[in-house]
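Chemist: okay, predicted coordinates and the sequence, questions at the end:
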Amino acid sequence: MPKPKNKEELIQLSQHNFNQLFGLMKDLPKEKLESNFMTKGLNKNIRDVLVHLHEWHLLLLSWYKVGMKGSKPDMPAKGYTWQTLPMLNKKIWQDSQSVSFSKAKKDLKSSFKKVQKIISTHTDEELFTKKKYSWTGSTSLGAYLILNTSSHYGWAIKLIKNATK
């Protein structure tokens, strides 16, 4: 599907990809759900992928909370820049190694609902007008939501499919 251009498309695609991600997991045998991938990379199993998505939801939610109050959020996170994303993702991975698979699923479902609530409370104009909010810089709120929902879930689906062949 093409990148969403309005609220309805964003809701539909983010929900579709999220459901597809969980459907993919439902169809996998238990040993593939909890075993490590035979690939290189930071995300070594499905749990790592789910935690990654959840933590990026939390980052988005914190940006939104700070930004909508009129302040400039630390983006992507305090002490990190967009150029140091690999370091941030590594920290997320390191900090999450004690999280269980079931907790990772539960947390992701919870943060997904919070992000969907944000999407549902805004108009097309509020979501897709560039520079509408000073904290989003030269882009739109919708661009951040797409990156942290439908696009990110698409990345996760592709990674899991390739790793569990």
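Modeler: Alright, I've got the coordinates.

Chemist: so what secondary structure elements neighbour the lowest-mean-pLDDT helix or strand in the chain?
Modeler: Using mean pLDDT, DSSP states H and E, helix 30-34 stands out as the lowest-scoring helix or strand of the chain, at a mean of 89. Helices and strands touching helix 30-34, by 3 or more C-beta pairs under 8 Å, 6 or more residues apart in numbering; DSSP states H and E, are helix 46-68. C-betas here are computed from N, CA, C, even on glycine.

Chemist: and the helix it packs on, which residues are buried?
Modeler: 46-61, 63-64, 67 (16 or more other C-beta atoms under 10 Å).

Chemist: what do you get for stretch 98-113?
Modeler: Neighbour-count burial for stretch 98-113, with 16+ other C-beta under 10 Å as criterion, is recorded at Val99, Phe101, Ala104, Lys105, Asp107, Leu108, Ser111, Phe112.

Chemist: which residues does it contact?
Modeler: Around stretch 98-113, the neighbours that count as contacts under C-beta atoms under 8 Å, 6 or more residues apart in numbering are 18, 22, 25, 33-34, 46-47, 50-51, 53-54, 57-58, 61, 96, 149.

Chemist: what about 7 Å?
Modeler: Residues from elsewhere that reach stretch 98-113, judged by C-beta atoms under 7 Å, 6 or more residues apart in numbering: Phe18, Leu33, Glu34, Arg47, Leu50, Val51, Leu53, His54, His57, Leu58.

Chemist: low-confidence stretches in this protein?
Modeler: 1 (pLDDT under 70).

Chemist: how about whichever strand or helix holds His16 as CSV, C-alpha atoms only?
Modeler: In this structure, His16 sits in helix 7-27 according to DSSP states H and E. Extracted C-alpha coordinates of helix 7-27, given in CSV (Å, rounded to 0.1, in the frame of the first residue of the first chain):
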residue,chain,number,x,y,z
LYS,A,7,-6.2,10.3,8.6
GLU,A,8,-8.4,7.4,7.3
GLU,A,9,-5.5,5.9,5.3
LEU,A,10,-3.2,6.2,8.3
ILE,A,11,-5.6,4.5,10.6
GLN,A,12,-6.3,1.8,8.1
LEU,A,13,-2.7,1.0,7.1
SER,A,14,-1.4,1.2,10.7
GLN,A,15,-4.1,-1.2,11.9
HIS,A,16,-3.7,-3.4,8.9
ASN,A,17,0.1,-3.8,9.3
PHE,A,18,-0.2,-4.2,13.1
ASN,A,19,-2.8,-6.9,12.6
GLN,A,20,-0.7,-8.5,9.9
LEU,A,21,2.3,-8.6,12.3
PHE,A,22,0.3,-10.3,15.0
GLY,A,23,-1.3,-12.6,12.4
LEU,A,24,2.2,-13.6,11.3
MET,A,25,3.2,-14.5,14.8
LYS,A,26,0.0,-16.4,15.3
ASP,A,27,0.8,-18.6,12.3
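
Chemist: lovely, talk soon.
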